[in-house]
Structure formats: structure tokens, C-alpha cells
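# Structural data only, the sequence is not supplied:
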């Protein structure tokens, strides 16, 4: 369900991209899920956002429907279906 190499970047365009292999991804996945996506006045986690997101709508789509952004997570559609490919991480 995750595309490797997995990439993260800070919230600024000038932030560096960090690349993770499968093993290194396991070290950051809990941190990614615990992040606040910043979409509500009250703090929530990405895990909470995922739990309350029933479906992907056109407002989530980008790049001609090849990507979908849910909070700070980016999914990419490829020949093998949708995969978790990138995340913005609050350093």
C-alpha cells in the first residue's frame, strides 16, 4: 500500500526531500500518523482525519487525477493502483 522509496518534505517549498526505504519507513510511520494536518481549529491527528474520511473527492485530486492529497499525505495512482507515496512532515 506504500510506494518505495517513500519521500517526505517539510512544509516549506525550500525544505529538503528525505527518502526512506521500507525499513526506515517503519521508524517514521507512527510519527506521520500522529501529526496534526492543521485543517481544524482543534488539534487532531492524521489517524483521526483518515478515520473520518469516507471517500476521496475531486477536491482531493491533483495532477490530472494522478495524485490525491489527504491532509499531509499524498497518494499516487500508478499501474498497480493507489499507493501512499509522500508526506509533508513537521520538523
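It's in. Since we're looking at a predicted model, the values are computed, not measured. Numbering: from 1, shown residues only.

# give me every residue that touches the residue nearest the centre of the chain.
The chain has residue 73 as the residue nearest its centroid, 1.4 Å off, counting by C-alpha atoms, centre = their mean. The contact partners of residue 73, taken as C-beta atoms under 8 Å, 6 or more residues apart in numbering, are 32, 46, 50, 84, 86, 87. From N, CA and C alone the C-beta is placed, and that goes for glycine too.

# wait, the third one sits on residue 72?
No. With contacts counted by C-beta atoms under 8 Å, residue 50 stays clear of residue 72, the gap being 11.1 Å.

# what ranges do the strands span in the protein?
Here the chain has its strands, by DSSP state E, at 2-9, 17-20, 61-62, 67-70, 73-78, 81-88.

# For the protein, name the helix or strand with the lowest mean pLDDT.
Ranked by mean pLDDT, DSSP states H and E, the weakest helix or strand in the chain is strand 61-62, scoring a mean of 93.

# show me the contacts for residue 72.
So residue 72 contacts 32, 35, 37, 38, 46, 87, 88, 89, 90 (C-beta under 8 Å, 6+ apart).

# actually residue 2, not the one I typed
Residues near residue 2 by C-beta under 8 Å, 6+ apart: 22, 25, 83, 84, 85.

# ok, for the first one, nearest residue in space, not its chain neighbours?
Computed as C-beta to C-beta, 6 or more residues apart in numbering, the closest residue to residue 22 that is not its neighbour in sequence is residue 4, at 5.6 Å.

# unless I'm mixing things up, that neighbour is touching residue 25, no?
Yes. Residue 4 lies in contact with residue 25 (C-beta under 8 Å); the separation is 7.1 Å.
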